[in-house]
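1. Fold the following, please.
(chains A and B)
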Amino acid sequence: MKPASKSSRGQAKTIRRIRRAVQVIALLLFFGLFIFVTYRTPIPGVSDIFYRFDPLTAITAMLAGRVFLTGLALSAITVIVTLLFGRVWCGWICPMGTTLDIFKPGKHRQKGSSNPPPEKWRMIKYLLLIFILVSALFGNQSLLFLDPVTMMTRTTANAVWPALSHGVYAAEGFLYNFDFLWDGLDVIHQAVIYPIFRDVRPVFPLAVPLFLLFAGIIALNWWAERFWCRYLCPLGGLLGLLSRLSPFHREVKETCTACSACVQRCPTGTIDPERDFASDPAECTVCYNCIETCPNGSAEFKWQLPKKKHGENLVYDPSRREVLSTIGLSAAAAALAQVEPITKRSPADLIRPPGADQVDFEALCIRCNECVRVCPTQGLQASFMEGGWQNLFTPRLTPRIGYCEFNCAACGQACPTGAIPLLSLEEKQHTPIGLARVDRNRCLPWAYNIDCIVCEESCPLADKAIRLEILDVVNGRGDTVTIKRPYVVKELCIGCGSCEYQCPMGGEAAICIFAYTEAGGYAGNDPTFVDSDNQN
Amino acid sequence: MNKSMSRREALRWLTLTAAASLVACQPTNQAQNQPQSNAQPAEPVDNQPVNTPQTNTPSADQAYLSVVHGQDPAAITEAAVRALGGMERFVQNGFNVIIKPNICTDYYSYEYGATTNPIVVATLVSLALGAGAGRVRVMDYPFGGSAESAYVVSGIADAVQAAGGEMEVMNPAKFRSTQIPDGVSISNWDIYQDVLDCDLFINVPIAKQHGLATMTAGCKNMLGVIENRSAIHAQMGERIPDLVSLLRPELTVVDAIRTLMQNGPTGGSLDDVQINNTVIASHDVVTCDAYATRFLGLTPADIPYIVHAAERGLGVMDLNSVRIDETSL
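-> Prediction:
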């Protein structure tokens, strides 16, 4: 008996090692894709691979967008794997789960008084899942920012990576003050720093709130390990429901001595001493910690038909009444969302990525910020209240921070759900996202008779959507001077925002982009537009 | 909590705090967004430009300005430099050379006349290396798209690397606030230090139309090695000569092979491009620009920055007063 248990422990140890290796590889893959698959080096269909395997975003995006998204069909694999093996996604793959495993209290603290929240809290994730699914049915994906993969991409793109980049560049900038370090720094910069961090200085308005949200979730690890996965994660809830049907689950044998060693090691705290150390397959992440820990090999994962036992209601399983009230609440919330002014008229400063107006953008967007990640100028930013509560964290162009780069269509390539359609570069260059407007009360030539034309210079269109009107004026000194006043040709302007970005006025630009409007036969880089006045 | 801080904890805090304050307090050039005018006193931390530019006056058998027409960009570039006395006049053994083409955006390839002809740039790289240069770097600071992408789209990256040169993406950390002793409108600006420190600075602009300057060529190309260039536009006629007075490229080679006649400086339509198949070279950037004006149907007197630069003795604008060698291949 003993040698057998020893070998099963050894086996468990190996499996646990493999799990950790898989976790590390998956996390490295996540960051590798994050860092290296950018607009210069797109690998279509690969950069968003974690979304393709995420069944929650697949279901909600298809429900809300009322389309079948072939690209997300891979998530069926995750569903099948979960039906077979349980929540292995959570324990083996999920970049969020691995991050939570990395940032957890050290061993010396775990021994202290652990006082986790009531078991009933585990219900939150199921109710959240129901809420999200029902909202999606109503065409609303506002709460998808709670999907763990979107959480990872969004937080890394907006806060963690920019802060790291700034820290590295600040340190480098400091060292560049010492002339004798110059040559060595050049080598390091070219070989390591530039390929990783590129040359855009990171600026993200939502860095602090997004970081705090994420840091808060990590901090909850100190209350209960993997707090997020146990109580909150809607994807965990979905996979948990599927796991109940799994034929592969943990079994405790008669030889158990009730030593409770496994209880301490279980990251999701699902091993219940009061139920003969049984665990809930819906909570178990198949991490193998308990199997490895068990001193006499009394626990193992086994193939077995789902027993009736697993159908039993635990204290945190939602009752019919709770499910129904959550559905009702979701419907009420969907109705409440319709009250927001955005449903009547979209605000002019909510400039969406190219092509977003060709699809049901707001229904399809899962707030993952993949587009924000790949945008080379950082013009795409997560919105805050610009589109109301329901559009929190959806992307918008902020030309004062970065313009829509003429030679780039990366956002459409990165978008996992097609909320930003896949446009060819050619198509993108003819897709208007907004329209420039000169503020004549602020523009140097218009308001102060000072020459400038930076906006005209920066306009990327072959025919220039910003033209210059040349005229003689009398300036403040009483001199007659010739100046050039910019004006916008609306048939050509695609609203890329280069002009607004480059405008030398401090603070708000004297030329601004406003969201796309079809009013007035506005076409955007119209190839059929024939003009006579373009002969500077 | 009666437990006092352990040594390890104290050290950890101290290190973290020190590192954080180091990073937080270090002065960044990027934060400095306002142009400095002469009214403000110069900051005491400014760099003093150390190497006074060499005068590089041509000897009797060397042209002041050489103009070569021909179909082959490499041949006319080589011939233009040869007429000045060859690259050996400018390069000494082991020289650290920086070549500054105009790679203004990553929007269109060089055929559209917005960026310098890659073969002209690559030929200069080969000539410099052939004359004994130790290291030849090519760089610009595009205002549209990333530098890396612009280098590739323009065709310059491939050509330069094939010729043995390096493309450098300008690093924001290497711009330093630098005094411009002869500045009239600006007294200091953030300048890319490598350009000031290198042994030879070769300016390889393309002559093209520009909305405000009416023509951009050699002098305006200096805007590619500074920060906050849009602020230069406010008094461009004075501020461009101010930059020239500091940067003093030792050799300027103007690409007038394909000239963008309108919708510059970015271009995008081949209809706006006129084929001139010409390369102009001189040690005097002002003379180069003065000559290049003809390709846009202008005269030197039409361009305020040329007039001001000549008035301030930064170069010669009167083309009749210098020796011009003009040949056709």
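2. And for the helix or strand containing residue A:328, what's in contact with it?
-> Using DSSP states H and E, residue A:328 sits in helix A:320-338. Residues outside helix A:320-338 that contact it (Cβ atoms under 8 Å, 6 or more residues apart in numbering or on different chains): A:123, A:127, A:130-131, A:134-135, A:138-140, A:142, A:318, A:343, A:388-390. (Each C-beta comes from the backbone N, C-alpha and C, glycine too.)
3. per-residue confidence at residue B:329?
-> On pLDDT, residue B:329 comes in at 90.
4. Make sure it is actually in contact with residue B:75.
-> Yes. Taking contacts as Cβ atoms under 8 Å, residue B:329 lies within contact range of residue B:75: 5.5 Å.
5. And the two? Which one has more around it.
-> residue B:75 (15 against 12; other Cβ atoms under 10 Å in any protein chain shown).
6. following the host helix or strand of that one, which helix or strand comes up?
-> Taking DSSP H and E as the criterion, residue B:75 maps to helix B:73-83. As assigned by DSSP H and E, the chain's next helix or strand after helix B:73-83 is strand B:96-101.
7. so how far is that following strand from its chain's centroid?
-> On the basis of Cα atoms, centre = their mean, to the nearest Å, strand B:96-101 sits 8 Å off its chain's mean C-alpha point.
8. same question, stretch B:106-125
-> 14 Å.
9. Using neighbour counts, pick out the buried residues of that stretch.
-> By neighbour count, with 16 or more other Cβ atoms under 10 Å in any protein chain shown as the criterion, the buried positions of stretch B:106-125 are B:106-108, B:110, B:112-125.
10. Equivalent analysis for stretch B:270-278, please.
-> Buried-residue list, stretch B:270-278, by 16+ other Cβ under 10 Å: B:272, B:273, B:276, B:277, B:278.
11. for the chain, what helix or strand is lowest in average pLDDT?
-> No chain specified, so I'll use chain A. The weakest-scoring helix or strand in chain A, judged by mean pLDDT, DSSP states H and E, is helix A:107-110 (a mean of 60).
12. quick one on the thing from earlier: got a ChimeraX select line for the buried ones in the contacts of helix A:320-338?
-> Only the buried entries of the contacts of helix A:320-338 go into this ChimeraX selection, using 16+ other Cβ under 10 Å:
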select /A:123,127,130,131,134,135,138,139,140,142,318,388,390
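13. pLDDT-wise, what's the bottom of the contacts of helix A:320-338?
-> residue A:343 (88).
14. OK, contacts around residue B:97?
-> Contacts of residue B:97 by Cβ under 8 Å, 6+ apart are B:91, B:128, B:133, B:135, B:136, B:137, B:198, B:199, B:200, B:201, B:202.
15. Cross those residues against strands and list the overlap.
-> Under the assignment DSSP state E, the contacts of residue B:97 contribute B:135, B:136, B:137, B:200, B:201, B:202 to strands.
16. The second one and residue B:164 touch, don't they?
-> So the one you mean is residue B:136. Yes. Contact criterion Cβ under 8 Å: residue B:136 and residue B:164 qualify, at 7.3 Å.
17. Spit out the residues that contact the two alike.
-> If you check residue B:136 and residue B:164 against Cβ under 8 Å, 6+ apart, the residues they both contact are B:125, B:129.
18. For the closest residue to chain B within the stretch 251-400 of chain A, what are phi and psi?
-> Closest approach of the stretch 251-400 of chain A to chain B (Cβ to the nearest Cβ) occurs at residue A:376, with a separation of 5.6 Å. With angles defined as degrees, to the nearest 10, residue A:376 sits at phi -70, psi -20.
19. Show me the beta-bridge partners of residue B:204.
-> Here residue B:204 sits in beta bridges with residue B:101, going by DSSP bridges.
20. Tell me which residues touch it, please.
-> Per Cβ under 8 Å, 6+ apart, neighbours of residue B:204: B:99-102, B:116, B:120-121, B:124, B:221, B:252-255.
21. Let's see that with 6 Å instead.
-> Contacts here follow Cβ atoms under 6 Å, 6 or more residues apart in numbering or on different chains; on that basis residue B:204 touches B:99, B:101, B:116, B:121, B:253.
22. and the last one, backbone torsions?
-> Torsion angles at residue B:253 (phi, psi; degrees, to the nearest 10) stand at phi -120, psi 110.
23. That one: how many residues sit nearby?
-> There are 28 residues near residue B:253, going by other Cβ under 10 Å.
24. residues contacting it?
-> Going by Cβ under 6 Å, 6+ apart, the list of residues near residue B:253 reads B:204, B:281.
25. On the pLDDT front, check it for me.
-> 97.
26. In the stretch 101-250 of chain A, where is pLDDT below threshold?
-> A:107-114 (pLDDT under 70).
27. Likewise for the stretch 101-250 of chain B?
-> B:213.
28. where along it do the strands fall?
-> B:135-138, B:166-167, B:175-179, B:188-192, B:200-204, B:206-210, B:214-216 (DSSP state E, counting those that start in this stretch).
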